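> Got a predicted model here, sequence first, then my questions.
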Amino acid sequence: MGGSEGFLRVIVEDPEDDAPRLVFADWLEEQGDPRGEFMRLQVHLARLPESDPRRAALEERERELLDRHAVDWLGPLRERLRGWRFVRGLLALEADAEALLALPAGAHEACSWVERVKLWRLAEQAGAALAALERFPHLSALDLSHNGLGPAGAAVLADLPVVGRLTALNLWNNRLGDEGVRLLAGTAALRRLRILDLSNNTISPAGAAALASCPMLSGLTTLDLRANTLGTEGTRALADSPHLAGLRELFLGFNAVGDAGAQALAEAPHLRRLHLLYAGSNGIGSRGAAVLAASPNMDTVRALWLGGNPIGPLGARALAASPRLGHLVALNLYDAALGDTGAWALASSPHLAGLAALDLSEDGIGDEGARALAASPYLGQLAVLSLDHNVIGDDGARALAASLSLTRLTTLELGHNYVGDLGAVLLAQSPHLKQLAGLRLAGNKVRRAGTAALRRRFGDGVEF
């Protein structure tokens, strides 16, 4: 390992910063180590959008280097892993607890390059397997999801030195309960965490209060608490916490938050930096949508998920009327009981002109709503439009095909509507949907003529 140890220590101090990786890549190249080129290449790829034409050549070179060197780079780890990949030059691996415990002494060199670990099948070996994580001196992200750790496992985890090095910890579906959360929140080891996933862990308001009162979580930028039982009380505890002021992403779906919880989020004195708010399937109605739309906490939000909440046309109007949503790039309102009236309100909003993705699936939208969306002068930036499970027929498909506003669409989802051959042919022949690469029409009434026209136009990009 030699001189690489110092570089790896610097990288693990701030895993999201590319600069130390590029300095390390320079040094590796000076030593004649092909990992230098590989690390620089992966850092470059991570910065490029998927549509960038430069990706093809870079990805081909990436494959060449992996084909030539992966066996040596993985060393004794290769035969014991469920899976592996390199991320910006360092190793992310998946392994069963038993395999981790059986790693040979000669694996030290390969272990030093491991940055991320996903462990499976901990069961009764949890204590020993978690302790064995010390074999990865530069580990910064740990995924222990779906392992049934319970409070006892949380207690073991809280005492591990390796936790103090982590910036990301995934504990989804581990039956932690409030006691497990309290044990974790009571340790100073969480001070470096930036990403914490505690979804589906039967956490009640008491557990939320334990998190909210934990100063060690002040570095968090992403907190996922979906599918717990927080309710209004737990939501209010989180909303009032000064220790969560750094959050950029907050996931609270499936928690029975209700309108009162939405109001707590809207009035939260510290949640002023959110870029993403996921509050889906929470029993939020039009009043909750309205208070959120008017909140200064929405000023920085770029992705808002309110799908699965019965906000109705009134809620849609409140969102559409709010200038605070002017930074939105993605809006999810699936199964929100919008109807054509709600679709019309959204289509008429100048504040939603920046949207690149809009999900209005399962909203009772018919041809009138489709026409409103197609005619909108404000939805010209949309790349993804989801209208699955509505009641749109051929007239609605005709409007979408003829739209002069939706010319940037790359994905259009119209599955499980009432589009027939006529609508399918019109979509296939549209001179305006030139960028459309993905079209979903599964569960419609498209027969042979429509299928043939769509296949000619979109090839495998159409889904029936």
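Cool, the structure landed. For clarity, every value in this text was computed on a predicted model and none was experimentally measured. Numbering: from 1, shown residues only.

> contacts and neighbour counts: CA atoms only from here.
OK.

> Are there helices or strands packed against the longest helix seen in the chain, and which ones?
When the chain is parsed with DSSP state H, its longest helix is helix 55-74. Counting contacts by 3 or more Cα pairs under 8 Å, 6 or more residues apart in numbering; DSSP states H and E, helix 55-74 is packed against helix 35-47.

> Only the buried residues of the helix it packs on, if you could.
The neighbour-count check on helix 35-47 (16 or more other Cα atoms under 10 Å) flags 35-43, 45 as buried.

> and it, C-alpha only, in CSV?
C-alpha atoms of helix 35-47 as CSV (Å, rounded to 0.1, in the frame of the first residue of the first chain):
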residue,chain,number,x,y,z
ARG,A,35,-5.5,3.2,-10.9
GLY,A,36,-4.6,6.8,-11.4
GLU,A,37,-6.1,7.0,-14.9
PHE,A,38,-9.0,4.9,-13.7
MET,A,39,-9.8,7.2,-10.8
ARG,A,40,-9.5,10.4,-12.9
LEU,A,41,-11.7,8.8,-15.5
GLN,A,42,-14.5,7.8,-13.0
VAL,A,43,-14.4,11.2,-11.4
HIS,A,44,-14.9,12.8,-14.8
LEU,A,45,-17.7,10.4,-15.7
ALA,A,46,-19.5,11.2,-12.4
ARG,A,47,-19.6,14.9,-13.4
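
> What average pLDDT does it get?
Per-residue pLDDT values over helix 35-47 give a mean of 98.

> could you say what helices and strands it packs with?
Using 3+ Cα pairs under 8 Å, 6+ apart, the elements in contact with helix 35-47 are helix 19-30, helix 55-74.

> which residues touch the shortest one?
Which is helix 19-30. Helix 19-30 is contacted from outside by 4, 7, 10-11, 34-37, 39-40, 43, 88-89, using Cα atoms under 8 Å, 6 or more residues apart in numbering.

> As CSV, those residues with distance to Leu325 would be great.
Listed next are those as CSV, based on distance: Cα to Cα, whole Å:
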residue, distance to Leu325
Ser4, 47
Phe7, 42
Val10, 39
Ile11, 36
Pro34, 47
Arg35, 44
Gly36, 43
Glu37, 43
Met39, 39
Arg40, 38
Val43, 33
Arg88, 34
Gly89, 38
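
> Tell me the one among those nearest to Leu157.
Nearest to Leu157 among the contacts of helix 19-30, counting by Cα to Cα, is Ile11 at 23.5 Å.

> Name the SS class of that closest one, please.
Of the three states, Ile11 takes helix according to DSSP: H, G, I helix; E, B strand; the rest coil.

> so how far is Leu439 from Ala318?
30 Å (Cα to Cα, to the nearest Å).

> Show the pLDDT at Met1.
Each residue has a pLDDT score; the one for Met1 is 51.

> Can you list the low-confidence ranges for the chain?
Scanning the chain for pLDDT under 70 picks out 1-2.

> Can you give the domain ranges for it?
4-68, 141-147+169-175+193-463 (automatic domain parsing).

> Out of the ones you listed, the one nearest Thr187 is which?
Closest approach to Thr187 among the domains of the chain (Cα to Cα): domain 141-147+169-175+193-463, 7.8 Å.

> With respect to burial, which of the helices and strands packed on helix 35-47 scores highest?
helix 19-30 (a mean of 18; mean count of other Cα atoms under 10 Å).

> List phi and psi for the nearest residue to Val114 once chain neighbours are set aside.
Nearest non-adjacent residue to Val114, counting by Cα to Cα, 6 or more residues apart in numbering: Leu91, 4.5 Å away. Note on Leu91: its backbone torsions stand at phi -90, psi 130 [degrees, to the nearest 10].

> ok, now how distant is Leu91 from Leu8?
For Leu91, the distance to Leu8 (Cα to Cα) stands at 12 Å.

> Now do the shared contacts for those two.
Here Leu91 and Leu8 have Trp113 as joint contacts, going by Cα under 8 Å, 6+ apart.

> how distant is the helix or strand Leu223 falls within from the center of its chain?
Taking DSSP states H and E as the criterion, Leu223 maps to strand 222-224. Its chain's C-alpha centre and that of strand 222-224 lie 10 Å apart, by Cα atoms, centre = their mean, to the nearest Å.

> and if you look at stretch 38-48?
Put simply, stretch 38-48 sits 21 Å off its chain's centre (Cα atoms, centre = their mean).

> Repeat that for stretch 162-172.
Distance, centroid of stretch 162-172 to centroid of chain: 18 Å (Cα atoms, centre = their mean).

> okay, how far is it across that stretch, tip to tip?
With Cα to Cα as the measure, stretch 162-172 spans 19 Å from end to end.

> residues in contact with it?
Under Cα under 8 Å, 6+ apart, the answer for stretch 162-172 is 12, 133-134, 138-146, 157, 188-201.

> List the residues that contact Ser348.
By Cα under 8 Å, 6+ apart, the residues touching Ser348 are 320, 376-378.

> In the residues you listed, find the pair that's most separated.
Spatially, the most separated pair among the contacts of Ser348 is Ala320 and Pro377, at 13.8 Å (Cα to Cα).

> Report how many residues lie close to Phe86.
Around Phe86 there are 18 other residues, counting by other Cα atoms under 10 Å.

> typo on my end, it should be Asp52
Applying other Cα under 10 Å, I find that Asp52 has 9 neighbouring residues.

> Need the phi and psi values for it.
Torsion angles, degrees, to the nearest 10, at Asp52: phi -70, psi 130.

> ditto for Asn255
Backbone torsions for Asn255, taken as degrees, to the nearest 10, come to phi -130, psi 10.

> Just confirm it contacts Thr229, I think it does.
Yes. Using Cα atoms under 8 Å, Asn255 is in contact with Thr229, at 5.0 Å.

> give me the number of residues near Arg440?
Using other Cα under 10 Å, Arg440 is surrounded by 19 other residues.

> for the one 10 residues further on, same thing?
Around Gly450 there are 21 other residues, counting by other Cα under 10 Å.
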